[in-house]
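Enquirer: with the sequence up front, the predicted model follows.
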Amino acid sequence: MQEQVTQVIPAAGAPYSTFLYVLIPLLPFLGFLINGLLNRRLSGTVAGLIGSAAVLGSFLISVMLFANFQAPYVVTLFDWISVDSMQIPFSYQIDQLSLIMLLLVTGVGFLIHVYSIGYMHHDENVGKFFSFLNLFVFSMLVLVLGANFVILFIGWEGVGLCSYLLIGFWNKNTNYNNAAKKAFIINRVGDLGFLLGIFLIYLTFNSVQFGEVFQKAALGQFGPYSVSVVTVITLLLFVGATGKSAQLPLYTWLPDAMAGPTPVSALIHAATMVTAGIYMILRANVLFTLAPETLEVIAIIGAATALFAATIGLAQNDIKKVLAYSTVSQLGYMFLALGVMGYSTSLFHVLTHAFFKALMFLGAGSVIHAMSNEQDMRRMGGLRKALPITFITFLIGCLAIAGIPPFSGFFSKDEILLHAHEHSKVLYAVGLFTAFLTAFYMFRLLFLTFFGEFRGTEEQKHHLHESPASMTLPLIVLAILAAVGGFLNAPLVLGRGYLADFLAPLFTYSQKINPAAFGAEVDHATEFMLIGLSVGAGVLGIILAYVQYVSRGVRPAEDGESRGFLENLLYHKYYIDELYNTLFVRPIMGLSKGLYRFVENGIIDPIVNGFGRLTMGGGQLLRYVQTGSVETYLILMVVGIVLVMALNFVKF
């Protein structure tokens, strides 16, 4: 293999001043500091403008870098860790992948910040909210800019911290605090695997720099180990991705993340945290290409997660919970694409999903805003007349996620199903059935929310109104992106897409390691057939949802009403949370209480308190020699002299 691979390590030079690259994450960090320090002194509008302007500045710099990009390069800010042979600089890598992610994070992040100005204007801690939101963007930018695994891990942990802060933002609600802790703890489980993977990478390649690690891996230079070590490394990295990107079995934190304000849900689900796992695998694609067993595991878990979450979405009544399980399902699609080596296709779906999922979360926020914070779709209905802009933009998002042409989701989902079909007919069938379920439950949401008669209270009906411009303008921009964003990477029958060509250099090593996976072509007849099946599945799901919830006027059962076995199982999400509580939470809590009662109170406290009592008792005794009486001191001195003389006499 050594003769087949050429060096493609990014160059060390940078075409602009180092300060320019520092500014990209620095601007959101400054927004975090200003809004955080002046939380109580700034109005909601001013705090929102500061936060939005910070992210907009990063976006404009990213656009400039993208427009003038010619070849990958590394920007070293300073020497950070230098211990013997371990050299880890604090450096950024600018290449095709980091540029796409920069545009995604800052572009969609800016729209969410603008939307938040209208959505959060009434909150008493709006300055703190924008401060945390800016910190979230800062952490994600560090993650995607890092030129080595350690810098990536810093950003990785940063977005985990920010998710905790934002999910539990309304911290006076105990349930919201529990949801924040759940997200934080489950992510730590995945992060342990990721951290172990980084340790093993250093032991294997004596480096954590992306360029050096990937070149050594492609050349077969595994230090004291064989190529099988790459399988262990990639499995550990995938554990981290499973937690961060909410795949089976570490997905349960993401639906509960709906506890935070709706813009937080949009930011987590669309542009930042949940895409970090996909980004990390794309960045390390060389290692995963060398580990086909890991890729098979990724494909199976991705397909299983996509189907599993889609079935749960069929029976949820909280508008944000439906979108949350939709995110878990779509992330499963992305991992399916990664597992069948559709690397650029996976990133393509990350982009299109960011457009339509941010659109739908913000649209859901507009509905919740109009409904006086009501999130139960059983209390909605007929809202398309009162919220026309929200309805039209939400409809575009639903068409996109359902895979209806020419909306963006059609193009990316079709590519994923194409790669799955070439790899495994079983995985393809799972993906196709999931596409049908996705169309059904998303249009179930649309019909229950915007069609039929209004089912809320008279007070809610009187309050219904379209959201302000600060909320509707981001919806319109995202709707346009969701409608036309798919043309970034058109199907093969229409010619090779721009995105695939732009990303191709990222996969040079992988292509030389496994050229068959990149050289396969599908005849047009087969592709047209697969397109027809994909679109047909989406259309069938929409028709069935229309018949069920518009023509027949079926309404979901109320909480006290009886449900069939399958519906009840889906409504309670397969009782996975209850299972985890039984297997993990309760035993750990019981162990903690036992240790507290018998070890802390029974052993440690008596020992520590005993030393305290001994010290206090000794002090009480010594008080008697500190009387302040000269006569007493003279007597004690004489006694002391006599004792010293007596001891010397005995010794003699």
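Expert: Received the coordinates, thanks.

Enquirer: quick check: longest strand in the chain by residues?
Expert: In terms of residue count, the longest strand belonging to the chain (DSSP state E) is strand 73-83.

Enquirer: which other helices and strands contact that one?
Expert: In terms of contacts (3 or more CB pairs under 8 Å, 6 or more residues apart in numbering; DSSP states H and E), strand 73-83 is packed against helix 18-37, strand 86-94. To be clear about C-beta, it is placed using only N, CA and C from the backbone, and glycine gets the same treatment.

Enquirer: select, out of the ones you listed, the one closest to Y441.
Expert: helix 18-37 (34.7 Å; CB to CB).

Enquirer: now tell me what touches whichever helix or strand comes after the closest one from outside.
Expert: The C-terminal neighbour of helix 18-37 among helices and strands, as given by DSSP states H and E, is helix 44-67. The contact list for helix 44-67, computed with CB atoms under 8 Å, 6 or more residues apart in numbering, reads 16, 20, 23-25, 27-28, 30-31, 34-35, 38-39, 42, 94, 99, 102-103, 106-107, 109-110, 113-114, 116-117, 120-123, 126-127, 129-131, 133-134, 137, 141.

Enquirer: filter those residues down to the buried ones.
Expert: 24-25, 27-28, 30-31, 34-35, 39, 42, 94, 99, 102-103, 106-107, 109-110, 113-114, 116-117, 120, 126-127, 129-131, 133-134, 137, 141 (16 or more other CB atoms under 10 Å).

Enquirer: list the contacts for the nearest residue to L145 once chain neighbours are set aside?
Expert: Leaving aside its sequence neighbours, L145 sits nearest to Y92 (CB to CB, 6 or more residues apart in numbering; 4.2 Å). Y92 is in contact with Y21, V74, V75, L77, S98, L145, G146, A147, I151, counting by CB under 8 Å, 6+ apart.

Enquirer: which residues of the stretch 351-500 of the chain score low on pLDDT?
Expert: 491-496 (pLDDT under 70).

Enquirer: go with 50
Expert: Within the stretch 351-500 of the chain, no stretch has pLDDT under 50.

Enquirer: same check, this time on the stretch 501-650 of the chain
Expert: Scanning the stretch 501-650 of the chain for pLDDT under 50 picks out nothing.

Enquirer: the residue nearest to L145 bridge partners, please.
Expert: Y92 has these beta-bridge partners by DSSP bridges: V75, G146.

Enquirer: closest to R283 out of the helices and strands packed on strand 73-83?
Expert: Nearest to R283, of all these, is strand 86-94, at 8.9 Å by CB to CB.

Enquirer: what's the following helix or strand after the closest one?
Expert: helix 96-119.

Enquirer: just want the angle from that following helix to helix 44-67.
Expert: Here helix 96-119 runs at an angle of 160 degrees relative to helix 44-67 (axes from the mean of the first three to the mean of the last three CA atoms, to 10 degrees).

Enquirer: helix/strand/coil for the closest residue to G160 other than its chain neighbours?
Expert: The shortest distance from G160 to any non-neighbouring residue, by CB to CB, 6+ apart, is to N187 (4.7 Å). Classification of N187 by DSSP: H, G, I helix; E, B strand; the rest coil places it in helix.

Enquirer: find me the pLDDT at N187, would you?
Expert: Note for N187: predicted pLDDT of 94.

Enquirer: can you start the count at 570 instead of 1 from here on
Expert: In the new numbering, first residue 570, that becomes N756.

Enquirer: that one: neighbour count?
Expert: Per other CB atoms under 10 Å, the neighbour tally for N756 reads 25.
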